[in-house]
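> Test case, fold it:
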Amino acid sequence: MPDIVRAMTLALAIAASLPVAAAEPRARDLGVPFEGTPGAGNAITDVAGVTVGQVTLIEDLADGHKVRTGVTAILPRGHDSFETPVFGGWFALNGNGEMTGTTWITESGQLEGPVMLTNTHSVGVVRDAVIAERVKAGGADASGYWWSLPVVAETWDGHLNDINGFHVKAEHAAQALRDAKGGPVAEGNVGGGTGMVCHEFKCGIGTASRRVTEDGRAYTVGVLVQANYGVRDSLRIAGVPIGQHLREDRVYTDPALAIAGNKVPGGDTGSIIIVVATDAPLLPHQLDRIAKRAGMGLARMGSYAGNGSGDIFVAFSTANTESTGALQRATFIGNDHLDGLFEATVQATEEAIVNAMVAARDMRGEDGHYANAIPHDALVRLLKQYDRYQPGKK
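Residues are numbered from 1 along each chain as shown. This next block holds a predicted model:
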């Protein structure tokens, strides 16, 4: 690629990654009822110290290919994430997908550095970019060596994106890391979720949070999803069988096929990555248990984790900051007191997915493929029809 073209592409990506407010409306603004009490921003960044950076790549190339992809970075301790690890755990509900670095999480109980989300064919370049950024951050030994096993996860955006064009570059991953901030998190067609589809609606990045009180102490659980899973038939929102009613505008190359009522072949072949953050003091085996509960929030949406789906979840705790010395101490919540955190994880996961769907907008991409967003008016109508509409709830 000529230098001037590469520079223009990077400029567009950087512009798309600049901080923006969360998309409006979100699911609650449409009257979707959810259980539990959200944090101030109803986002993963409600967990103090957690930051999110995103680079969005949307471009129609001269050769006819369509770029609809990007990178999302979640930093457990902000820019200190490279220096101070967090306790972590993970779980694969169905493993037709990739999340690098998980073997070391299992072995060590720690998550070292950020969690990165991108498309399936860009995992390698994003992983290498994270290592390069860690080296640049300093702190290695005198030789300049850094041992690193970054956590990079993926879902497949090849329906809308020229996935074999390898448009995600190292500089995009680096930009997502550098731009990571607290506060509102953009949702829908952004970052790693730019080209993603769920339940045959346009989808992408979504987030939510819950406040939990245990023995007089307040904790926060935050969730961020990159949603690209599921079939229309099984979709449920707030218990309403939305997928049984909204039968048009399913994912097809030719819109005429959708009008004819044909079904998408192959069943559930998508994926979802779920990132759970909390400030509650938890040990690694407890975070494994938290990660598993994300699957129950996914089930509320009507997912059955099909054979072709990669449903992989990671959870971390920002508590217990001590990371040096031969003798270390950790505090943790007793197992008999985890139920509130389990419930919060389920609730926040469900809402994060719905937020991703509501924030997404119609998109056309590679080879004329398209994915239409869920129509807000039809969603509200069905919520009212099933007596599940709850206006004005924040």
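
> How about the contacts made by the residue lying closest to Gly204 once chain neighbours are set aside?
The shortest distance from Gly204 to any non-neighbouring residue, by C-beta to C-beta, 6 or more residues apart in numbering, is to Gly193 (2.8 Å). To be clear about C-beta, it is placed using only N, CA and C from the backbone, and glycine gets the same treatment. If you count contacts by C-beta atoms under 8 Å, 6 or more residues apart in numbering, Gly193 has them with Gly70, Thr72, Leu117, Glu187, Cys203, Gly204, Ile205, Gly206, Gln226, Ala227, Asn228, Ala356.

> tell me, how many neighbours does the second one end up with?
Here the number of neighbours of Thr72 (other C-beta atoms under 10 Å) works out to 32.

> Assign a three-state SS to it, would you?
Assigned with DSSP: H, G, I helix; E, B strand; the rest coil, Thr72 falls in the strand class.

> partner residues bridging it?
For Thr72, the beta-bridge partners under DSSP bridges are Gln54, Leu117.

> measure it to Ile205 for me?
6 Å (C-beta to C-beta, to the nearest Å).

> what residues are shared contacts of these two?
With contacts defined as C-beta under 8 Å, 6+ apart, the residues adjacent to both Thr72 and Ile205 are Gln54, Leu117, Val190, Gly191, Gly192, Gly193, Leu224, Gln226.

> Pipe these into a markdown table and attach distance to Glu351 and pLDDT per row.
A markdown table is the format used below for the shared contacts of Thr72 and Ile205 (distance: C-beta to C-beta, whole Å; pLDDT from 0 to 100):
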| residue | distance to Glu351 | pLDDT |
| --- | --- | --- |
| Gln54 | 19 | 98 |
| Leu117 | 18 | 99 |
| Val190 | 18 | 98 |
| Gly191 | 19 | 98 |
| Gly192 | 19 | 98 |
| Gly193 | 16 | 98 |
| Leu224 | 11 | 99 |
| Gln226 | 15 | 98 |
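
> Just the closest of these to Lys136, please.
Set against Lys136, the nearest of these by C-beta to C-beta is Gln54 (20.3 Å).

> Contacts only, for the closest one.
Ser17, Gly70, Val71, Thr72, Ala73, Ala176, Asp179, Ala186, Val190, Gly191, Gly192, Ile205.

> what about the third one, how many neighbours?
Meaning Val71. When counting by other C-beta under 10 Å, one arrives at 31 neighbours for Val71.

> Wait, it touches Pro114, no?
No. The pair Val71 / Pro114 is not scored as a contact, 10.6 Å apart, by C-beta atoms under 8 Å.

> what are the ranges of the helices in the chain?
3-17, 102-108, 123-137, 170-179, 242-245, 255-259, 284-300, 339-359, 376-385 (DSSP state H).

> Rebuild these as CSV, extending it with mean pLDDT and distance to Thr84.
Listed next are the helices of the chain as CSV, based on pLDDT from 0 to 100; distance: least, C-beta to C-beta, whole Å:
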stretch, mean pLDDT, distance to Thr84
helix 3-17, 44, 25
helix 102-108, 98, 14
helix 123-137, 94, 12
helix 170-179, 98, 16
helix 242-245, 97, 42
helix 255-259, 45, 50
helix 284-300, 98, 16
helix 339-359, 98, 22
helix 376-385, 98, 42
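
> re the thing from before, against Ser317, how distant is the residue nearest to Gly204?
Taking C-beta to C-beta as the measure, Gly193 falls 25 Å from Ser317.

> Quick test: name the residue nearest the centre of this protein.
Centroid-nearest residue in the chain, with C-alpha atoms, centre = their mean: Val225, separated by 2.5 Å.

> from the middle of its chain, how far away would stretch 135-142 be?
Computed by C-alpha atoms, centre = their mean, to the nearest Å, the chain-centroid distance of stretch 135-142 equals 29 Å.

> Quick check: buried residues in that stretch?
By 16 or more other C-beta atoms under 10 Å, the buried positions in stretch 135-142 come out as Ala137.

> And for stretch 63-78?
65-78.

> Next: stretch 355-369.
Of the residues in stretch 355-369, Asn355, Ala356, Met357, Val358, Ala359, Ala360, Met363, Gly365, Glu366, His369 count as buried by neighbour count, 16+ other C-beta under 10 Å.
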